[in-house]
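Novice: could you look at this predicted model? Sequence included:
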Amino acid sequence: MQGVLNGFAVIAVVIGVGYLIGRRGYLGDNGREVLTKLAFHVATPALLFTTLARADLSVILSNRLLVTAVSTFAVAGIFVAVGAVRRWGVGRTTIGALCSSYVNAGNLGIPIAVYVLGDASLVAPVLLFQQILMTPVALTVLDLSGAGEKQPLWRQVTAPVRNPVGIGSLAGVAVSATGLTVPGPVMDPLTLIGNMSVPAVLLAFGISLCGSTMPGRGADRAPVLLSVALKSVGQPLAAWALAAGVFGLRGEPLLDVVVTSALPAAQNLFTYASRYRVGEVLARESILLSTMLAVPVLVVIAALLG
């Protein structure tokens, strides 16, 4: 469990630094907004490009990816159905569906994969699935729903090819698929810029906690609690049922897919919510609660399946 504790400790420290920055006002009134824009428009696209450009796309055909995809769509679909019935709105429901199913496979999943599962590549299918499919689709829905600033029709229609996160992902996949080698003078600066993504997201998240109320008690109580329940319990159970019952996985392969499905909601979801100015409280509180619950959930999973 050292990997679990180390991963959460790193995240907690950086978020805590962000909280202190917000309390002291070191970055002014617009510090969080600047960090969010930096992550969304510059650092995250660079990170996705450099990650996917070096990735082995053959993992797309693995059973682990099928389990991840089906369990993700299952829990996200439940949130979407409830959101439609409760009329939470397209943008808010999209953010909630992401918080219910989009796992922190990067800055938390990798150390856990190394220390708990013994292989960092085990999170690659999840990273690829989320970066290639989930993120572009969700951000396109947010663009087309009119979240954020109102845009003319031609900008809505061309949203998928203009979104910086989607562009970074698709460009990285294209490089990997064609086998091209990006020259060092190009890749090295992009790698350096991409390294800002996770710290910027965590610091912005920490700043957002200043003056916030206890999570799960405000107007967003219902969608927050639903997303946390689906993320912390529903998705791991769905992954276990699919992996064991449908694909016949046992032992370490079964542990691998259930552990990765039990990772908490990713911090970059708050960046998306902030960018589109929809569901910000929902994203912040869902991420915080699912991250807190992830430690006992992962410990129980390791004890039962390890």
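Specialist: Sure thing, it's come through.
Novice: C-alpha only now, for contacts and for neighbours.
Specialist: Noted.
Novice: flag the shaky bits of the stretch 101-250 of the chain, pLDDT-wise.
Specialist: 106-107, 110-111, 114-116, 118-121, 147-162, 212-217 (pLDDT under 70).
Novice: mind jotting down where the strands sit in it?
Specialist: In the stretch 101-250 of the chain, no strands are defined using DSSP state E, counting those that start in this stretch.
Novice: ok, which stretches of the stretch 101-250 of the chain are helices?
Specialist: Here the stretch 101-250 of the chain has its helices, by DSSP state H, counting those that start in this stretch, at 109-112, 124-129, 135-144, 153-157, 159-162, 164-178, 184-194, 197-208, 221-229, 235-241.
Novice: okay if I get the ones you listed as JSON lines plus distance to Ala81?
Specialist: Putting those into JSON lines (distance: least, Cα to Cα, whole Å) gives the following:
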{"stretch": "helix 109-112", "distance to Ala81": "28"}
{"stretch": "helix 124-129", "distance to Ala81": "22"}
{"stretch": "helix 135-144", "distance to Ala81": "16"}
{"stretch": "helix 153-157", "distance to Ala81": "24"}
{"stretch": "helix 159-162", "distance to Ala81": "24"}
{"stretch": "helix 164-178", "distance to Ala81": "26"}
{"stretch": "helix 184-194", "distance to Ala81": "35"}
{"stretch": "helix 197-208", "distance to Ala81": "28"}
{"stretch": "helix 221-229", "distance to Ala81": "12"}
{"stretch": "helix 235-241", "distance to Ala81": "16"}
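Novice: quick one: closest of those helices to Arg284.
Specialist: Closest approach to Arg284 among the helices of the stretch 101-250 of the chain is made by helix 197-208 (7.3 Å; Cα to Cα).
Novice: got the CA positions of that closest one in CSV?
Specialist: This file holds the C-alpha atoms of helix 197-208, laid out as CSV (Å, rounded to 0.1, in the frame of the first residue of the first chain):
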residue,chain,number,x,y,z
SER,A,197,-0.1,20.4,-16.5
VAL,A,198,-0.5,18.4,-13.3
PRO,A,199,0.9,21.0,-10.9
ALA,A,200,-1.2,23.8,-12.5
VAL,A,201,-4.3,21.7,-12.1
LEU,A,202,-3.6,20.8,-8.5
LEU,A,203,-2.7,24.3,-7.5
ALA,A,204,-5.9,25.7,-9.1
PHE,A,205,-7.9,23.1,-7.3
GLY,A,206,-6.3,24.0,-4.0
ILE,A,207,-7.0,27.7,-4.6
SER,A,208,-10.7,26.9,-5.3
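Novice: what sits up against that helix?
Specialist: 11, 14-23, 31-33, 35-36, 38-39, 43-44, 47, 107, 267-268, 270-271, 284 (Cα atoms under 8 Å, 6 or more residues apart in numbering).
Novice: give me the buried entries from those.
Specialist: 11, 14-23, 31-33, 35-36, 38-39, 43-44, 47, 107, 267-268, 270-271, 284 (16 or more other Cα atoms under 10 Å).
Novice: quick check: phi and psi on the most centrally placed residue in the chain?
Specialist: The centroid of the chain falls nearest to Ala266 when counting by Cα atoms, centre = their mean (3.3 Å). The phi/psi pair for Ala266 (degrees, to the nearest 10) reads phi -80, psi 140.
Novice: could you list every helix and strand in contact with the longest helix seen in the chain?
Specialist: Across the chain, the longest stretch assigned as helix under DSSP state H is helix 280-305. Judged by 3 or more Cα pairs under 8 Å, 6 or more residues apart in numbering; DSSP states H and E, helix 280-305 is in contact with helix 2-24, helix 90-101, helix 221-229, helix 251-261, helix 268-276.
Novice: mind listing what's buried along the fourth one?
Specialist: By 16+ other Cα under 10 Å, the buried positions in helix 251-261 come out as Pro253, Leu254, Leu255, Asp256, Val257, Val258, Val259, Thr260, Ser261.
Novice: do the third one as well
Specialist: Buried residues in helix 221-229, counted by 16+ other Cα under 10 Å: Pro223, Val224, Leu225, Leu226, Ser227, Val228, Ala229.
Novice: pretty sure the fifth one contacts Ile95?
Specialist: Looking back up the chat, that one is Ser227. No - with contacts counted by Cα atoms under 8 Å, Ser227 stays clear of Ile95, the gap being 9.6 Å.
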